[in-house]
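S.K.: Structure here, sequence nowhere to be found:
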């Protein structure tokens, strides 16, 4: 059974940093596509960053230059380094995985439970 478990969320002030982690297990193709998504109250889930098996990445425009997605295949872990955080980054953050390369489209087969990120001004 596939499990994706996020951690690292929390509350920070504007301009601060957080590093999210997503530990994956039970997934044979962990080297395939993985991504980070977020959902704020009253808003649709949106793609934040994604990475493929070759290390190619894609970012949502508002986080470019501030967020960095990376993966450690040996540890089956996905990361999201978030710098220069803004109040508008406040949301529940989810990691996702699939064999299909959805990039920033939230249609992945496997999802974690999410970790809350709150940025205060």
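M.R.: Great, that's in hand. Bear in mind that the values here come from a model prediction, so they are computed numbers and not experimental data.

S.K.: Low-confidence stretches in this structure?
M.R.: The chain contains residues with pLDDT under 70 at 27-31.

S.K.: can you give me the strands in this structure?
M.R.: Along the chain, counting by DSSP state E, strands occupy 3-7, 10-13, 18-25, 33-39, 46-51, 57-59, 67-72, 77-82, 91-98, 110-111, 115-120.

S.K.: In its sheet, which strands sit next to the third one, and in what direction?
M.R.: If I follow you right, that is strand 18-25. As defined by DSSP bridges, the strand partners of strand 18-25 come to strand 3-7 (antiparallel), strand 77-82 (antiparallel).

S.K.: And for the fourth one?
M.R.: Using DSSP bridges, the strands paired with strand 33-39 are strand 46-51 (antiparallel), strand 91-98 (antiparallel).

S.K.: distance between the shortest one and the chain's centre?
M.R.: Using C-alpha atoms, centre = their mean, to the nearest Å, we find the averaged C-alpha position of strand 46-51 to lie 6 Å away from the chain's own average C-alpha position.

S.K.: still on that earlier bit, got the strands of the chain as JSON lines, with distance to residue 104 and mean neighbour count columns?
M.R.: (Each C-beta comes from the backbone N, C-alpha and C, glycine too.) Output for these, formatted as JSON lines (distance: least, C-beta to C-beta, whole Å; neighbours: other C-beta atoms under 10 Å):
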{"stretch": "strand 3-7", "distance to residue 104": "17", "mean neighbour count": "17"}
{"stretch": "strand 10-13", "distance to residue 104": "24", "mean neighbour count": "13"}
{"stretch": "strand 18-25", "distance to residue 104": "16", "mean neighbour count": "18"}
{"stretch": "strand 33-39", "distance to residue 104": "7", "mean neighbour count": "23"}
{"stretch": "strand 46-51", "distance to residue 104": "3", "mean neighbour count": "22"}
{"stretch": "strand 57-59", "distance to residue 104": "6", "mean neighbour count": "17"}
{"stretch": "strand 67-72", "distance to residue 104": "11", "mean neighbour count": "17"}
{"stretch": "strand 77-82", "distance to residue 104": "13", "mean neighbour count": "22"}
{"stretch": "strand 91-98", "distance to residue 104": "11", "mean neighbour count": "22"}
{"stretch": "strand 110-111", "distance to residue 104": "15", "mean neighbour count": "17"}
{"stretch": "strand 115-120", "distance to residue 104": "18", "mean neighbour count": "17"}
